[in-house]
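Novice: Just to be clear, the model below is a prediction. Sequence and coordinates:
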Amino acid sequence: MYDDNGDVYITETEEDCINAANPDVGTEYENFCVECIPDYITSVSQTWLIPITPVYQSSATYFNTAGGSQSTVPTTRGIALNGIEFSAPAPTSNILSAYTLAPFDDAGGHINVHQGYHYHAATGYSTTVDQEDGHAAQIGYALDGYAIYELLDEDGNAPTDLDDLRGHSDDVRGYHYHVDEAGNNNFINGLRGAYVL
């Protein structure tokens, strides 16, 4: 990641960003810190269809990173209240095998030229809606329409009754999800409700 003088190898152009962030990184970009800047994003447009009223399904859909194997499972987990995508876990095995580093900012996000800016973890720096009963703050919606909340409540406690999707129910919110710990490169493990392909 650095030369004999201690200078860090950092991508400097849009072309470098695209090549170094590629899953099949060429040897010329090994050991680089990948820096993609907002100016490189000129044509990304995304539309999400999320149910307004979630429809609970008896069978859950698991993301492939959580043991699912269906090819039709979405990679996006949901959308933050500020409109930014909750993305699938970053492919750390590909990144580390090429000795590249595409660092996340303090909000758990970064830029690539195909997705634009997106989150890989919830770190407490996105838009939130505090809950009047001390429950963890809401941060977004999963693709099935169920709300996604921070992990910890206002007393710093994590829920102890989450299912394997990272969801549970209460009398105020009904079924909803709580995000994984920020260091786990993950949000939720699947979808309990129906979603649009």
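Specialist: Thanks, I have the structure now.
Novice: where exactly do the helices run in the protein?
Specialist: Taking DSSP state H as the test, the helices found in the chain are 14-20, 92-97.
Novice: which of those has the lowest average pLDDT?
Specialist: Note on the helices of the chain: helix 92-97 shows the lowest mean pLDDT, a mean of 64.
Novice: What score does Ser71 have for pLDDT?
Specialist: Listed pLDDT for Ser71 reads 60.
Novice: Let the chain start at 16 from now.
Specialist: Done: numbering now begins at 16, and the last item shifts to Ser86.
Novice: Any figure for the gap between the residue nearest to Gly139 when sequence neighbours are not counted and Gly131?
Specialist: The shortest distance from Gly139 to any non-neighbouring residue, by Cβ to Cβ, 6 or more residues apart in numbering, is to Glu165 (6.9 Å). For glycine as for every other residue, the C-beta is placed from the backbone atoms N, C-alpha and C. With distances taken as Cβ to Cβ, to the nearest Å, Glu165 is found 24 Å from Gly131.
Novice: Apart from its chain neighbours, what residue comes closest to Phe202?
Specialist: Counting by Cβ to Cβ, 6+ apart, the residue nearest Phe202 is Arg92, at 4.3 Å.
Novice: The one you found is in contact with Ile99, isn't it?
Specialist: No - using Cβ atoms under 8 Å, Arg92 is not in contact with Ile99, being 11.6 Å away.
Novice: which of those two has more neighbours?
Specialist: Legend: neighbour count by other Cβ atoms under 10 Å for Arg92 and Ile99, higher for Arg92 (28 against 18).
Novice: which ones are touching the more buried one?
Specialist: Residues near Arg92 by Cβ atoms under 8 Å, 6 or more residues apart in numbering: Phe78, Phe101, Ser102, Ala103, Ala157, Leu158, Ile163, Phe202, Ile203.
Novice: What's the per-residue pLDDT of it here?
Specialist: Predicted confidence (pLDDT) at Arg92: the value is 94.
Novice: For it, give its distance to Asn34.
Specialist: 27 Å.
Novice: about what we covered before: now the contacts of Arg92 in TSV, with neighbour count?
Specialist: Shown next, in TSV, are those (neighbours: other Cβ atoms under 10 Å):
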residue	neighbour count
Phe78	22
Phe101	27
Ser102	22
Ala103	19
Ala157	29
Leu158	24
Ile163	25
Phe202	28
Ile203	24
